[in-house]
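K.L.:
Everything below, folded, please.
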Amino acid sequence: MYSRENNRGFLISGLICLAGMIFSGSVLAEQLAEKAVPSETQRSITLQLPPKNLARWYKPENKRQVWLHTMFRLRREILAMQDYAAKGQQENLKKWSDKFIKDYLSIAQMMPQWEKYLFKDKLEMLQIAVKSQQNKQISLILKKLGKSCMHCHDDYQTITTLLYRSADFSQQKVINRQTQEAVDYDDVMEHLSNAVNRVNIAIKDDCFDTALENIKPVKEQLAALSGSCSNCHKKDNIPVQRIIGAADKLLPELEQQLKAGDKSQSGRKLGEFAVKVCARCHAIHRLSSDLKSILE
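P.N.:
Below you'll find the predicted structure:
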């Protein structure tokens with residue numbers, strides 16, 4: 001449950017019920033209504049959303065991940081200055097300090113409301129130290145400058161990663177290879193989940209022929225999904241192959257166990273499939289996608 005605050009934040013309230021106890025819906029509702037005092041298993045967390053104009057510096061509003069790469073450069077520039085100052089290599093130190101100053105000041109150009117967080121006086125101290133070769137002072141100055149980064153990182157880094165660097169499946173369509181129809185991603189995932197669970201149910205009930213029949217829709221749904229993965233994985237297909245490749249190996253092995261009528265090994269193989277195929281993808285994409293949908 002969440003609500004926005006001042007268009008920049010929202011409140012997430014979570015309830016974690018006592019494990020091992022089973023309640024009917026009505027009884028659970030009554031107990032939650034009576035529970036007014038927060039406990040160790042009930043707490044509220046307030047998160048702040050970054051200013052909306054930050055999206056201008058991330059894809060898809062921008063052709064490049066401008067903000068992200070600026071942050072990467074700043075981190076690299078700080079390390080280079082620390083190393084070259086320690087070695088007394090003034091030419092390289094000057095070169096990297098010039099880059100750092102330019103990128104540091106670009107923060108205010110991209111996000112004027114964050115200019116107040118910049119330590120411009122420390123930036124001037126850095127310039128003086130580099131010019132006068134006070135190399136022992138540079139590391140201390142950089143640490144102080146680094147604290148200005150934490151003003152934003154503490155509030156926004158994790159939220160920004162979820163908003164602008166995690167996959168958005170809400171607009172994704174999956175092409176049905178038989179009908180060539182574009183299907184919503186959620187619908188495909190539901191059909192895939194149902195197919196896998198039907199295999200599981202059939203194994204538990206010793207209905208091995210039924211389980212074999214449901215392997216086919218599992219393969220079809222996975223094949224359709226793998227085609228949609230290229231929308232994001234355009235240059236690097238290794239993550240897709242890691243998951244689909246596991247399915248291509250495990251499903252034929254599962255079919256062999258089913259044909260042999262081996263209930264124990266069939267169950268184990270299906271469990272291995274769930275971990276190496278379903279869970280691998282969910283661990284990367286599902287959690288971040290669900291959190292992103294809440295933030296938006």
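K.L.:
domains in the protein, as residue ranges please.
P.N.:
Domain ranges of the chain: 2-49, 54-164, 173-295, per automatic domain parsing.
K.L.:
Kindly reformat these as JSON lines containing mean pLDDT and mean neighbour count.
P.N.:
Quick note: C-beta positions are derived from backbone N, CA and C, even for glycine. What follows is these, written out as JSON lines (pLDDT from 0 to 100; neighbours: other Cβ atoms under 10 Å):
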{"stretch": "domain 2-49", "mean pLDDT": "45", "mean neighbour count": "11"}
{"stretch": "domain 54-164", "mean pLDDT": "92", "mean neighbour count": "16"}
{"stretch": "domain 173-295", "mean pLDDT": "82", "mean neighbour count": "16"}
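K.L.:
Can you pull the phi/psi pair for Gln48?
P.N.:
phi -100, psi 130 (degrees, to the nearest 10).
K.L.:
just the strands in the stretch 1-150 of the chain please.
P.N.:
Counting by DSSP state E, counting those that start in this stretch, the segments of the stretch 1-150 of the chain that form strands are 2-5, 9-15, 42-48.
K.L.:
Could you list every helix and strand in contact with the last one?
P.N.:
It refers to strand 42-48. Helices and strands touching strand 42-48, by 3 or more Cβ pairs under 8 Å, 6 or more residues apart in numbering; DSSP states H and E, are strand 9-15, helix 135-164.
K.L.:
now these as CSV including distance to Met189?
P.N.:
Listed next are these as CSV, based on distance: least, Cβ to Cβ, whole Å:
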stretch, distance to Met189
strand 9-15, 24
helix 135-164, 20
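K.L.:
and of those, who's closest to Asn200?
P.N.:
strand 9-15 (29.2 Å; Cβ to Cβ).
K.L.:
Tell me the span between the first and last residue of stretch 256-265.
P.N.:
Using Cα to Cα, to the nearest Å, one end of stretch 256-265 lies 10 Å from the other.
K.L.:
All the strands of the stretch 151-296 of the chain, residue numbers only.
P.N.:
Using DSSP E, counting those that start in this stretch, strands in the stretch 151-296 of the chain cover 173-175, 182-184.
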